[in-house]
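Engineer: below is the sequence, then the predicted model.
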There are 2 protein chains.
Amino acid sequence: MSARSATQANGCEYPPVSADARATCSQCNLREFCLPVGLSPQEMYAVEDVVTTRRVVEKGEALYRDGDPFTSIYAIRLGNFKTCVNTLDGRDQVTGFHMTGELLGMDGIGTNRHACNAIALERAEVCVMPYGQLSTISTEVPALQRHFHRIMSREIVREHGVMLLLGSMRAEERLAAFVLNLVQRLSARGFSKSELVLRMTREEIGSYLGLKLETVSRTFSKSAEEGIVEVKQRHLRMLDTEALKRIVNGQQCHN
Amino acid sequence: MSARSATQANGCEYPPVSADARATCSQCNLREFCLPVGLSPQEMYAVEDVVTTRRVVEKGEALYRDGDPFTSIYAIRLGNFKTCVNTLDGRDQVTGFHMTGELLGMDGIGTNRHACNAIALERAEVCVMPYGQLSTISTEVPALQRHFHRIMSREIVREHGVMLLLGSMRAEERLAAFVLNLVQRLSARGFSKSELVLRMTREEIGSYLGLKLETVSRTFSKSAEEGIVEVKQRHLRMLDTEALKRIVNGQQCHN
DNA sequence: CGACACCTTGAAGAGGTTCAAGAAATGTGG
DNA sequence: CCACATTTCTTGAACCTCTTCAAGGTGTCG
């Protein structure tokens, strides 16, 4: 776990500890969330060999875009990203929000071109892992191969969860599930279990949840009125986590 | 491509050509859709070594269930499956429909337990590929490793598409996208480009598309009235494919 | 301080759901 | 092979949730 207080909201992140181009997974405080999870020190060194460079992505800029040639998998070192798909007719669907330690780019393996956009929600930094090398080293380090499979598998399962949310939940339930998911991932990273800063706009939340931004806003307001959360712009405090869980589990009278 | 007529609907499938327990990918007429896609004959033999058994799954039975220990990846040889997730409060979300040549079970890699149910929509048969072996052989056959990654990646991208559908499309658009997707996959397998038999109920379609079965039924009826499709229970004939494409692309007045 | 992006709230409207009833297909057992 | 039970599908009417449109408020950054 990192050095920051476990009760602090994710409001102020620090600049990278070291700005070396050369990665040192073994010294990165994200190693428990990132690709090296569960690898032995030796295996971790193998991963370090793959991480040749880092890359900074400014707020609003793309790490990659739909259609870009696929070259690398990225591990988020700092900052938050959204991934989204666009359609010809201008529809835009946010497919995920991604925080430190999570991997981006797997969408590109299938066709050798990226199939979505990865946009930084704030100044961000990623470790670049060329897929060719990752793939080669995977054949030598079975644990790494397994782990990479595991990460892709979890992404598939995560998306099942989103499908469930989009396919069968009402606005209030979707938002509760969203907030609980965020806070759970943040608390695993040492942030507060009850307080968080939304790095994305209401519109982006709405896009992710299949709602309009007005609905997101209204639903937040309603939960606030009910004393379940406290919402001040992007700062969110959870006053009754159990109530949120009850809402997700449909124990609120909805059918 | 198989021997059946390219204009035939997928109404009557044949029993497996051979019921050998031992797989012969190199002789399977699904090899172009299945795991061995693009592998050299020698690499294909490596896959054959992994496919130790086949398994028959009766209509309505589960190939695996949410929570089952994960052991194998399955390649569909015959029949169609749905995958679905259940929630505590009895919600059920169909996450996909799967046809011959497609792989099932990747959801289990992440946690060593399956994260959804795979149910046969009719009597079905799968090739069983123990993941441990698949994984081992992948380290020896890089092309297989790559290909397996590719398949998982495509599953992620497919789910992005479903999220777009669930998050931003109206009922009519969802159903049009669904039908076009089905017919595209069927035509790749040598079936008709304009005719198909739905292997699932209206309720299952609705669950997949985030709609109620009544809405699915009504939407089919409306499209039929408009002369775009002909719907007779589970038999569906597309009369105006272009119109369907226009509906998906939002060129119907919706915003 | 002003421009701009973002957020909130209200009122009217549309799309999909719910409830209900009946029709059509499918399966089962005699 | 037919009768009956069951499942699946269709259709109507009332209702409800979320969207749309509109206006104003809040926060932020040059």
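Structural biologist: Alright, I've got the coordinates.

Engineer: neighbours of residue A:158, just the number please.
Structural biologist: 17 (other CB atoms under 10 Å in any protein chain shown). In short, each C-beta sits where N, CA and C put it, glycine included.

Engineer: ah, wrong one, I meant residue A:58
Structural biologist: Residue A:58, neighbours per other CB under 10 Å, totals 11.

Engineer: just the strands in the stretch 151-255 of chain A please.
Structural biologist: A:195-197, A:229-232, A:235-238 (DSSP state E, counting those that start in this stretch).

Engineer: contact partners for the nearest residue to residue A:99 once chain neighbours are set aside?
Structural biologist: Excluding the flanking residues, the one nearest residue A:99 by CB to CB, 6 or more residues apart in numbering or on different chains is residue A:80, at 5.3 Å. The contact partners of residue A:80, by CB atoms under 8 Å, 6 or more residues apart in numbering or on different chains, come to A:97-100, A:120-122, A:124, A:199-200.

Engineer: measure residue A:80 to DNA strand C for me?
Structural biologist: As judged by CB to the nearest atom of the strand, to the nearest Å, residue A:80 and DNA strand C stand 14 Å apart.

Engineer: just the strands of the stretch 151-255 of chain A: most buried one?
Structural biologist: strand A:195-197 (a mean of 19; mean count of other CB atoms under 10 Å in any protein chain shown).

Engineer: go through stretch A:53-65 and flag the buried ones.
Structural biologist: For stretch A:53-65, the neighbour count (16 or more other CB atoms under 10 Å in any protein chain shown) marks A:54, A:57, A:63-64 as buried.

Engineer: ok, now stretch A:168-183?
Structural biologist: A:168-169, A:171-183.

Engineer: can I get the buried residues of stretch A:53-65 in CSV with secondary structure and pLDDT?
Structural biologist: What follows is the buried residues of stretch A:53-65, written out as CSV (DSSP: H, G, I helix; E, B strand; the rest coil; pLDDT from 0 to 100):
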residue, secondary structure, pLDDT
A:54, strand, 92
A:57, strand, 95
A:63, strand, 97
A:64, strand, 97
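
Engineer: residues from chain A in reach of DNA strand D?
Structural biologist: Counting by CB under 7 Å from any atom of the strand, chain A comes close to DNA strand D at A:170-172, A:210-212, A:214-215, A:218, A:232-233.

Engineer: those in helices, which ones?
Structural biologist: A:171-172, A:214-215, A:218 (DSSP state H).

Engineer: what are the ranges of the helices in the stretch 1-150 of chain A?
Structural biologist: A:41-50, A:131-140, A:142-168 (DSSP state H, counting those that start in this stretch).

Engineer: so which of the buried residues of stretch A:168-183 comes closest to residue B:241?
Structural biologist: Closest approach between these and residue B:241, by CB to CB: residue A:168, at 30.1 Å.

Engineer: how about residue A:53: what's its closest non-neighbour residue?
Structural biologist: residue A:128 (4.7 Å).

Engineer: bridged to that neighbour, which residues?
Structural biologist: Residue A:128 has these beta-bridge partners by DSSP bridges: residue A:53, residue A:74.

Engineer: surely it meets residue A:74?
Structural biologist: Yes - contact criterion CB atoms under 8 Å: residue A:128 and residue A:74 qualify, at 6.1 Å.

Engineer: identify the contacts common to the two.
Structural biologist: residue A:55.

Engineer: the more surrounded of these two?
Structural biologist: More neighbours surround residue A:74 than the other of residue A:128 and residue A:74, with 25 against 19 (other CB under 10 Å).

Engineer: quick one, what contacts the more buried one?
Structural biologist: Applying CB under 8 Å, 6+ apart, the residues contacting residue A:74 are A:55, A:63, A:103-105, A:118, A:126-129.

Engineer: between those, which is closest to residue A:26?
Structural biologist: After measuring those against residue A:26 - CB to CB - the closest member comes out as residue A:127, at 13.0 Å.

Engineer: what sits against that closest one?
Structural biologist: Taking CB under 8 Å, 6+ apart as the criterion, residue A:127 is in contact with A:23, A:34, A:51, A:53-54, A:74-75, A:77.

Engineer: which one of those sits closest to residue B:114?
Structural biologist: Out of those, the member with the shortest distance to residue B:114 (by CB to CB) is residue A:34, at 25.5 Å.

Engineer: before we move on, the earlier item: which of the buried residues of stretch A:53-65 lies closest to chain B?
Structural biologist: Using CB to the nearest CB, the shortest approach to chain B within the buried residues of stretch A:53-65 belongs to residue A:64, at 13.7 Å.

Engineer: so how far is residue A:158 from that closest one?
Structural biologist: As judged by CB to CB, to the nearest Å, residue A:64 and residue A:158 stand 19 Å apart.

Engineer: ditto for residue A:48
Structural biologist: Taking CB to CB, one finds residue A:48 at 27 Å from residue A:158.

Engineer: re earlier: would TSV of the strands of the stretch 151-255 of chain A with mean pLDDT and distance to residue A:30 be doable?
Structural biologist: Formatted as TSV, the strands of the stretch 151-255 of chain A follow (pLDDT from 0 to 100; distance: least, CB to CB, whole Å):
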stretch	mean pLDDT	distance to residue A:30
strand A:195-197	95	18
strand A:229-232	94	28
strand A:235-238	95	24
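
Engineer: now these in CSV, with distance to residue B:242?
Structural biologist: Shown next, in CSV, are those (distance: least, CB to CB, whole Å):
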stretch, distance to residue B:242
strand A:195-197, 47
strand A:229-232, 46
strand A:235-238, 47
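
Engineer: between those strands, which one is closest to DNA strand C.
Structural biologist: Closest approach to DNA strand C among the strands of the stretch 151-255 of chain A (CB to the nearest atom of the strand): strand A:229-232, 5.2 Å.

Engineer: mind checking how far the closest one is from the chain centre?
Structural biologist: 22 Å (CA atoms, centre = their mean, to the nearest Å).

Engineer: ok, now stretch A:30-40?
Structural biologist: With CA atoms, centre = their mean, you get 16 Å for stretch A:30-40.

Engineer: now that stretch - C-alpha only, CSV.
Structural biologist: Taking C-alpha atoms only, stretch A:30-40 is exported to CSV below (Å, rounded to 0.1, in the frame of the first residue of the first chain):
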residue,chain,number,x,y,z
LEU,A,30,1.7,0.4,-8.2
ARG,A,31,3.3,-3.0,-8.7
GLU,A,32,0.5,-4.6,-6.7
PHE,A,33,-2.2,-3.4,-9.1
CYS,A,34,-0.3,-3.5,-12.4
LEU,A,35,1.0,-6.2,-14.7
PRO,A,36,3.6,-7.6,-12.2
VAL,A,37,1.0,-8.6,-9.7
GLY,A,38,2.0,-11.8,-8.1
LEU,A,39,5.2,-12.2,-10.1
SER,A,40,8.5,-13.3,-8.4
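
Engineer: and it, what's buried?
Structural biologist: A:30-31, A:33-36, A:39.

Engineer: which of these sits closest to residue B:238?
Structural biologist: For the buried residues of stretch A:30-40, the nearest to residue B:238 is residue A:35 (45.0 Å; CB to CB).

Engineer: test my guess that residue A:188 contacts residue A:10.
Structural biologist: No - with contact defined as CB under 8 Å, residue A:188 does not count as touching residue A:10 (11.7 Å).
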